[in-house]
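**Student:** coords please:
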Amino acid sequence: MLRKPTGKGGFTLIEVILVVVISLVMLGVSLPYFAHAYKGMQLRVTARTVNRMTRYARSMAIMREKTMTVVINHVTMEIFLGGAEQTSTNAADGELNQDVLKRLGYVEGASNSDNAGIEKEIHRFLPEHIHAAHFEKDWIEDEEKYQDLYLIHYYPDGQSDWFVLEFKNQRGLGVKLENDPISGKIRSEFIQ
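**Tutor:** Next up, the predicted model:
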């Protein structure tokens, strides 16, 4: 003999409320960990972006047999790569093109501090809430001309300028990048 079920199917209001409360407590406990991991992710993305840009600059310098420059604007937090802009002559009179000279900063009325005379080939913005905390390199003649730019040169023989570059986030966590000028490899480490 079969019996008919007597109870109704479904969840009671108390069971639903209990599940919601437990879910909110678990979310509240885990949210700070996710936020901290996200901040660390921004530093990793910054380190990877600089590393990829410098490897590409080294490769292009060797392949094209010309000096390539990685430029980091620590005010706008952008990074770009390129070679020096070429000065051209006017075909009609054989004189140097004045527009090019203005753009390079050799003629008054023009500023070249936004790109340091580098033709932007690849251009990226670094993640928000990250700032350049420290930059040091072995050759600093460019530093006097371009206060808001960090210039790193890669030469046709595969060598580059030695540099140490530190980025930090708002919580004080940071990443330190150091370049080997012979091999072009960048060693990175997280710092506090």
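**Student:** Which is the succeeding secondary structure element to the lowest-mean-pLDDT helix or strand in the chain?
**Tutor:** Least confident helix or strand of the chain, by mean pLDDT, DSSP states H and E, is helix 98-104 with a mean of 47. For helix 98-104, the following helix or strand on the C-terminal side (DSSP states H and E) is strand 122-125.
**Student:** can you tell me how far Ile118 sits from Ser23?
**Tutor:** Computed as Cβ to Cβ, to the nearest Å, the Ile118 to Ser23 distance reads 52 Å. Using the backbone N, CA and C atoms, a C-beta is placed for each residue, glycine as well.
**Student:** Compare the two (neighbour count), which wins?
**Tutor:** Ranked by neighbour count (other Cβ atoms under 10 Å), Ile118 and Ser23 place Ile118 first, with 20 against 10.
**Student:** Might one say that the more buried one is in contact with Gly83?
**Tutor:** Yes: Ile118 is in contact with Gly83 according to Cβ atoms under 8 Å; the separation is 7.1 Å.
**Student:** For these two, list the residues in contact with both.
**Tutor:** By Cβ atoms under 8 Å, 6 or more residues apart in numbering, Ile118 and Gly83 have these common neighbours: Thr69.
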